[in-house]
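Student: with the sequence up front, the predicted model follows.
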Amino acid sequence: MVKNLAQLKRALVKGAEFEIVAHARQGCVGQRRRVNVADSTGFYSIIPDQPDSRETLANNGKGSYLGWSKAAFWKFEGGTCTLYDSDKSFTPEHIIISLKVV
């Protein structure tokens, strides 16, 4: 179970999969993604079973990008990792993405 940002960075390496449980864009909720590229600044993810999707084709085929941000913007509870757009307001309207590593 991921408990902090350092563990999340170690878990989300190329080939790792995660499920989106909440997102700023409702259409992304429920998607299962695979990390395509990861580095110290963030990671790119694709939808493995949808090679022609907008998310998979984004960024010249690397996939959709998510920057790691700072630890203060993340909350880790019960295996769910949630990134907020604020380091002070951890409410549903401030969620960027909430995911579970598979």
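Tutor: Nice, thanks for sending it over.

Student: dump the residue contacts of residue 26.
Tutor: Contacts for residue 26 (C-beta atoms under 8 Å, 6 or more residues apart in numbering) come out as none. Where C-beta positions appear, they are placed from N, C-alpha and C, glycine not excepted.

Student: could you find the closest non-adjacent residue to residue 64?
Tutor: residue 55 (4.6 Å; C-beta to C-beta, 6 or more residues apart in numbering).

Student: was I right about the one you found contacting residue 47?
Tutor: Yes. Using C-beta atoms under 8 Å, residue 55 makes contact with residue 47 at a distance of 5.4 Å.

Student: got phi/psi on the nearest residue to residue 48 once chain neighbours are set aside?
Tutor: Spatially, and ignoring its direct neighbours in sequence, residue 48 is nearest to residue 34 (4.6 Å; C-beta to C-beta, 6+ apart). Note on residue 34: its backbone torsions stand at phi -120, psi 130 [degrees, to the nearest 10].

Student: residues contacting residue 34?
Tutor: Applying C-beta under 8 Å, 6+ apart to residue 34 gives the contacts 15, 16, 17, 45, 46, 47, 48.

Student: buried only: go through those residues for me.
Tutor: Listed as buried from the contacts of residue 34 are 16, 45, 46, 47; burial here means 16 or more other C-beta atoms under 10 Å.
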